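*Asks:* Structure of the sequence below:
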Amino acid sequence: MKSIVVKDNYGLDNLTIQEQTKPVITENEILVQVKSVSLNYLDVLIAKGGFGNHQFPHILGSDASGIVKEIGSKVSNFKVGDLVCTHYTQTWQNGEITLNDMQNRLGTDVQGVFSEYIALPERSLIKIPCNLTFKEASTLPIAALTAWEALVNVGQLKAGQTVLLQGTGGVSIFALQFAKALGAKVFITSSSDEKLQKAKELGADLVLNYRTNNHWQDNVMTETKGIGVDLALEMTGASLNETLGYLKINGKVVIVGFLDGSKVDLDVFEILYRNASIVGIKVGSKSSFAEMNRAIEVNNIRPFIDKEFNLSDFREAFNYVEQGKHFGKIIINF
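*Replies:* Reported below is the predicted structural model:
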């Protein structure tokens, strides 16, 4: 079977498609034929060596969807023919995340799922929402669940509240869709008018081009009558101080990424003045995944897939994500 691997050293130039032995399942495992996978910026970082030491060749990937082909004798919640997608933090089933959970993440700590076949325990899989295709479901494990965790479980966003989203990548676009389903007001930033127009078509209430509009922060305050937003999702890391500047009193910032770096000179006065909460998250548990999937079905939310790639064009897909060209999600079809 074919797998996308970092072959013998880190770097995007060392990515290749390699023939691997098709896995043989144990009594507790499920064999899945992968149909589609989705790329996250995390995959680019791992390929570049941003997450420690891996044994080479290292199979990349956390997000995959497919069909159950075989089940072990002790598997109880799945059957052959079920349509499933992967659960990134495999052992995090419910409650709070533990240190052990953070040592078993697909593609990050252990071998990934960018393969024609994968063998995983049932805790690492979940049935896909009934309204989604294989392709759409492959986008859920990291981007969608991160957005859900940030808005619902940590941000506790309510109808009528305001949320500020940075950029138009996978997490932000899922957050836009979820927030609108919750009845919230959504502000979203980007340097591309074309992407902002797409966001507006998906329901964004205020779109802000931070490159061409030098007063976009003032627009946020004007739109909130000088109060600020209830919730902000911090994607870049480096802009955390700026994000605090348009947060309302008692508002909350949920940190979900560090695209522009993980170091920031934090203004503690702003935190104290606004009585602000700053929280970091780690995607979400399997129980949260199940709750999100039910919401996706009830509200008929469909992931926005920007572009599809064939397996033979996987390098182009990685470059597309690295350069930030995507709006929403991109996928690779096996």
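*Asks:* and the gap between residue 71 and residue 112?
*Replies:* Distance, residue 71 to residue 112, using Cβ to Cβ, to the nearest Å: 22 Å. For every residue, glycine as well, the C-beta is placed using N, CA and C.
*Asks:* do the same with residue 210
*Replies:* 33 Å.
*Asks:* Same drill for those two, tell me which one is more crowded.
*Replies:* residue 112 (28 against 15; other Cβ atoms under 10 Å).
*Asks:* What separation do you get for the more buried one and residue 42?
*Replies:* 10 Å.
*Asks:* Buried residues of the helix or strand bottoming out on mean pLDDT in the chain, list them for me.
*Replies:* When each helix and strand of the chain is scored by mean pLDDT, DSSP states H and E, helix 240-245 comes last, with a mean of 87. Under the neighbour-count criterion of 16 or more other Cβ atoms under 10 Å, helix 240-245 has 240, 242-244 buried.
*Asks:* Could you export those residues as a markdown table, including distance to residue 148?
*Replies:* What follows is the buried residues of helix 240-245, written out as a markdown table (distance: Cβ to Cβ, whole Å):
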| residue | distance to residue 148 |
| --- | --- |
| 240 | 22 |
| 242 | 25 |
| 243 | 20 |
| 244 | 24 |
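*Asks:* where do the contact lists of residue 112 and residue 42 overlap?
*Replies:* Residues touching both residue 112 and residue 42 (Cβ atoms under 8 Å, 6 or more residues apart in numbering) are residue 62.
*Asks:* which secondary structure elements does whatever helix or strand residue 4 lives in contact?
*Replies:* Assigned by DSSP states H and E, residue 4 falls within strand 2-6. On a contact count with 3 or more Cβ pairs under 8 Å, 6 or more residues apart in numbering; DSSP states H and E, strand 2-6 meets strand 15-19, strand 58-59.
*Asks:* All the strands of the stretch 51-200 of the chain, in order from the start?
*Replies:* 58-59, 63-71, 83-86, 117-121, 125-127, 162-166, 185-190 (DSSP state E, counting those that start in this stretch).
*Asks:* Output the below-cut-off pLDDT ranges for this protein.
*Replies:* Applying pLDDT under 70 to the chain flags the ranges 259-261.
*Asks:* mind giving me the domain split of it?
*Replies:* What automatic domain parsing lists as the domains of the chain is 2-139+303-333, 144-280.
*Asks:* And those: which comes nearest residue 287?
*Replies:* Between residue 287 and these, the shortest gap by Cβ to Cβ is with domain 2-139+303-333, which sits at 4.0 Å.
*Asks:* Can you get me the start-to-end distance on that closest one?
*Replies:* 12 Å (Cα to Cα, to the nearest Å).
*Asks:* Could you give the separation of it from the chain centroid?
*Replies:* 12 Å (Cα atoms, centre = their mean, to the nearest Å).
*Asks:* For stretch 183-190, which outside residues touch it?
*Replies:* Taking Cβ under 8 Å, 6+ apart as the rule, stretch 183-190 contacts 151, 157-168, 172, 175-176, 179-180, 196, 199, 203-210, 216, 220, 223, 229.
*Asks:* make it 6 Å
*Replies:* Under the contact criterion Cβ atoms under 6 Å, 6 or more residues apart in numbering, stretch 183-190 has outside partners 157, 159, 161-168, 176, 179, 196, 199, 204-208, 210, 220.
*Asks:* do stretch 111-120 as well
*Replies:* With Cβ under 6 Å, 6+ apart as the test, stretch 111-120 has contacts from 1-4, 22-23, 25, 29, 31-34, 37, 59-61, 64, 86, 106, 334.
*Asks:* Equivalent analysis for stretch 2-20, please.
*Replies:* 1, 47-49, 56-60, 114-116, 314, 318.
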